[in-house]
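Novice: After the sequence you'll find the predicted model.
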Amino acid sequence: MGARIERLVTSGQFTLDGGTWDVDNNVWIVGDDQEVIVIDAAHDADAIAAAVGDRRLTAIVCTHAHNDHIDAAPALADRAGAPVLLHPDDLPLWKQTHPDRAPDAELTDRQTLAVAGAELTVLHTPGHAPGAVCLYTPALGALFSGDTLFAGGPGATGRSYSDFPTIIDSIGRRLLALPGDTVVHTGHGETTTIGAEAPHLQEWIDRGF
């Protein structure tokens, strides 16, 4: 059996700039019956470990370092013996949540991660956060977009470390160039496709979405 995609929804809080909000996060598990990677270890290390089961966890990939996407990463890493991977531009955000525990390795643009015969290419897509990344796997026809692109528009850019023109450039230049039938697995909410979102780029720019 080849690689497949599984979704686990966990609940917790997002905290930044003095505010706190209740959120549901998508935790994506990619792999087969033997090995997996986890994309965004959010809120509940026990629930994620249970979903992984007895499969080998080869990496915990962080699409960015807002606390709701990384709060369970160290506990899951310690439990499974897996490295935590983060783009270095998001270290200032990471340290707000985990000041005494650094990520284990850096993510770099165009780096490839292999799991269960599938390759995921790291795309650096700053804007929502400086070190935000997406993961593209053509073999599965999938993009894991974190909080860069959602069904209906780009991720939020109204808080510190974010920038609207930058996220628009990342989406337009890096993501909307992908095949239209690519399924976008988001950090929150439901999936979409590149083809469904591409026609609306100018609308988002005009609205300052």
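Specialist: Thanks, I have it. Numbering: from 1, shown residues only.

Novice: if I read this right, residue 190 contacts residue 183, doesn't it?
Specialist: No. At 10.8 Å, residue 190 does not count as touching residue 183 under the criterion of C-beta atoms under 8 Å. Backbone N, C-alpha and C define where each C-beta goes, glycine included.

Novice: the more surrounded of the two?
Specialist: Per other C-beta atoms under 10 Å, whichever of residue 190 and residue 183 has more neighbours is residue 183, with 16 against 11.

Novice: Nearest residue to that one in space, please, no chain neighbours.
Specialist: residue 142 (5.1 Å; C-beta to C-beta, 6 or more residues apart in numbering).

Novice: How many residues are close by the one you found?
Specialist: A total of 21 residues lie near residue 142 under the criterion other C-beta under 10 Å.

Novice: so what's it up against?
Specialist: For residue 142, the contact set (C-beta atoms under 8 Å, 6 or more residues apart in numbering) comprises 5, 136, 182, 183, 184, 185.

Novice: In strands, which of the residues you listed fall?
Specialist: 5, 136, 183, 184, 185 (DSSP state E).

Novice: looking at this, residue 92 is in a helix?
Specialist: Yes. Residue 92 sits within a helix when classified using DSSP: H, G, I helix; E, B strand; the rest coil.

Novice: Verify the stated contact: it with residue 160.
Specialist: No. Applying C-beta under 8 Å, one finds residue 92 not in contact with residue 160, separated by 9.5 Å.

Novice: which of the two has more neighbours?
Specialist: Neighbours were counted for residue 92 and for residue 160 using other C-beta under 10 Å; residue 92 has more, 14 against 9.

Novice: so what's that one closest to, chain neighbours aside?
Specialist: Of all residues not flanking residue 92 in the chain, residue 161 sits nearest, at 7.1 Å (C-beta to C-beta, 6+ apart).

Novice: now that neighbour: how far from residue 167?
Specialist: Remark: distance between residue 161 and residue 167 (C-beta to C-beta, to the nearest Å) = 12 Å.

Novice: Hmm, residue 28 and residue 6 touching each other?
Specialist: Yes. With contact defined as C-beta under 8 Å, residue 6 and residue 28 form a contacting pair (7.3 Å).

Novice: Who has more neighbours out of those two?
Specialist: Taking residue 6 and residue 28 together and counting by other C-beta under 10 Å, residue 28 has the greater number of neighbours (22 against 13).

Novice: can I get the contacts of residue 142 in TSV with pLDDT and distance to residue 39?
Specialist: Output for those, formatted as TSV (pLDDT from 0 to 100; distance: C-beta to C-beta, whole Å):
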residue	pLDDT	distance to residue 39
5	98	10
136	98	12
182	98	16
183	98	14
184	98	13
185	99	8
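
Novice: Nearest to residue 174, out of the residues you listed: which one, please.
Specialist: The nearest member of those to residue 174, counting by C-beta to C-beta, is residue 136 at 9.0 Å.

Novice: Touching, the closest one and residue 118? I think so.
Specialist: No. Using C-beta under 8 Å, residue 136 is not in contact with residue 118, being 11.0 Å away.
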